[in-house]
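# Sequence first, predicted coordinates after that:
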Amino acid sequence: MTVLARTIEATRRYGDVLALDRVSLDIRAGELVGLLGPNGAGKSTLINLFVGLRRPTSGTVELLGGSPGDPVTRRGIGVTPQETGLPESLRVGEIVDFISAHFPKKVEKGELLARFGLSDLIKRQIGGLSGGQKRRLAVALAFAGEPKLVFLDEPTTGLDVEARRALWDGVRAFHEDGGTVLLTSHYLEEIEALAERVVVVGRGRVLADDTVRAVRDIVGVRRVSLSAADLPDLPGVIGSEREDGRVHLLTTDPDRLVVELVRSGAPFSGLEIRPSTLEEAFLTITSKESAHA
Ligand SMILES: Nc1ncnc2c1ncn2[C@@H]1O[C@H](COP(=O)(O)OP(=O)(O)OP(=O)(O)O)[C@@H](O)[C@H]1O
């Protein structure tokens with residue numbers, strides 16, 4: 001399958017901060033890929049490398065067979081960054097015309113607005129739109145030039161459920177017509193609603209690149225925490241660490257783990273069970289450390 005965007009061992013530093021650490025990733029034609037990761041994982045940095053807003057400190061980035069630095073290449077993509085500022089005095093229809101004018105091919109205005117549930121707002125000034133409507137418009141504009149590949153950085157931030165659904169419908173329609181999308185999110189639920197492939201990023205590295213189902217199994221992990229001096233080997237523990245005298249055990253079956261813990265007779269106190277955060281689940285599982293005392 002044709003690769004539309006690719007990084008090879010891409011590293012990006014901001015001063016002392018290593019935002020991306022040797023990331024190699026292919027985005028193939030027709031894919032809808034979700035980039036999932038906690039705050040500061042490096043998602044926006046990766047998108048910025050792909051769309052030519054930043055250059056890698058080392059490594060290579062390719063876009064549509066060319067370089068992201070080339071404005072002609074960039075005409076083949078659509079982008080909605082995390083923060084968007086649209087001119088307040090323009091009307092919705094006017095901003096669509098303005099953006100479309102930059103592209104050789106364009107989606108018909110009425111159709112573009114309908115796809116994102118914005119038809120009724122065509123004559124409204126942008127300054128009079130709600131935050132959610134502005135966000136939806138900013139996302140719709142990424143599709144205006146009939147792009148081959150669209151990058152959406154947290155497209156549904158600040159949207160209510162209905163607006164989020166309207167936006168998802170627009171993205172799905174583009175994908176069903178063969179379009180390729182890379183979108184970032186903090187939420188697996190969002191990626192699950194849209195994507196088939198999930199790339200999990202944490203601390204600048206790709207931690208997993210798999211189907212939504214496979215990633216969901218890992219994210220479904222629970223964290224069982226307790227205070228104990230010594231613990232025997234317990235079944236079903238897929239990762240563990242010790243912190244300030246507490247032991248954190250990761251498992252997909254916390255009920256069984258607790259039963260086995262009690263059966264083992266090992267003294268413990270302060271038992272707590274909670275869902276693991278994405279970062280905990282992935283970093284603990286992928287680290288080789290084990291903290292069986
Ligand atoms: N312009 C910058 N100058 C300095 N550090 C930066 C800059 N941009 C990003 N960083 C740092 O690089 C790391 C990765 O940031 P990035 O914005 O790519 O993460 P993210 O996964 O998109 O996070 P979020 O989900 O919060 O948007 C973070 O530690 C961030 O503080």
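Looks like it arrived, so ask away.
# Count residues in the vicinity of residue 245, would you?
Other residues near residue 245 come to 9 when the count uses other Cβ atoms under 10 Å. Glycine gets a C-beta too; all of them are placed from N, C-alpha and C.
# Touching, it and residue 227? I think so.
Yes. At 6.0 Å, residue 245 counts as touching residue 227 under the criterion of Cβ atoms under 8 Å.
# Run through the residues of the protein sitting next to the ligand.
14, 17, 19, 37, 39-45, 82, 186 (Cβ under 6 Å from any ligand atom).
# Buried subset of these as a ChimeraX selection?
Listed next is the ChimeraX selection for buried residues among these, using 16 or more other Cβ atoms under 10 Å:
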select :19,37,41,42,43,44,45,186
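# Tell me which of the residues of the chain next to the ligand fall in helices.
The helices, defined by DSSP state H, take in 43-45 from those.
# Can you lay out those residues as TSV showing distance to residue 204 and pLDDT?
Below are these laid out as TSV (distance: Cβ to Cβ, whole Å; pLDDT from 0 to 100):
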residue	distance to residue 204	pLDDT
43	10	94
44	12	94
45	8	96
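# with those residues in mind, which one is nearest to residue 274?
Closest to residue 274 out of these is residue 43 (24.5 Å), distances taken as Cβ to Cβ.
# Without its sequence neighbours, what residue ends up closest to the closest one?
Spatial nearest neighbour of residue 43, excluding adjacent residues (Cβ to Cβ, 6 or more residues apart in numbering): residue 184 at 4.1 Å.
# Residue 200 now?
Excluding its sequence neighbours, the residue lying closest to residue 200 (Cβ to Cβ, 6+ apart) is residue 208, at 4.2 Å.
# What does the pLDDT read for that neighbour?
Per-residue pLDDT puts residue 208 at 87.
# Surely it is in a strand?
Yes. With DSSP: H, G, I helix; E, B strand; the rest coil as the criterion, residue 208 is part of a strand.
# Next one: it from residue 178, what distance?
From residue 208 across to residue 178, the span is 26 Å (Cβ to Cβ, to the nearest Å).
# likewise residue 247?
Distance from residue 247 to residue 178, by Cβ to Cβ: 50 Å.
# what does residue 209 give?
Residue 209 is 22 Å from residue 178, by Cβ to Cβ.
# Neighbour count: the two, which is higher?
Taking other Cβ under 10 Å, residue 209 and residue 178 do not tie; residue 209 has more neighbours (16 against 9).
# Can you tell me the closest non-neighbouring residue to the more buried one?
residue 199 (4.8 Å).
# do residue 18 as well
Per Cβ to Cβ, 6+ apart, closest to residue 18 is residue 204, 5.4 Å.
# Now the phi/psi pair for the one you found, please.
Per-residue torsions, residue 204: phi 80, psi 0 (degrees, to the nearest 10).
# check contacts around it.
Residue 204 sits next to 12, 18-21, 23, 41-42, 45 when contact means Cβ atoms under 8 Å, 6 or more residues apart in numbering.
# Quick one: those as JSON lines, columns for distance to residue 239 too.
Listed next are these as JSON lines, based on distance: Cβ to Cβ, whole Å:
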{"residue": "12", "distance to residue 239": "28"}
{"residue": "18", "distance to residue 239": "23"}
{"residue": "19", "distance to residue 239": "25"}
{"residue": "20", "distance to residue 239": "24"}
{"residue": "21", "distance to residue 239": "21"}
{"residue": "23", "distance to residue 239": "23"}
{"residue": "41", "distance to residue 239": "18"}
{"residue": "42", "distance to residue 239": "22"}
{"residue": "45", "distance to residue 239": "27"}
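# Stretch 133-140: how far from the chain's middle?
Offset of stretch 133-140 from its chain centre (Cα atoms, centre = their mean, to the nearest Å): 18 Å.
# ugh, wrong one, I meant stretch 72-82
Centroid displacement of stretch 72-82 relative to its chain, using Cα atoms, centre = their mean, is 17 Å.
# taking the mean pLDDT, what do you get for it?
90.
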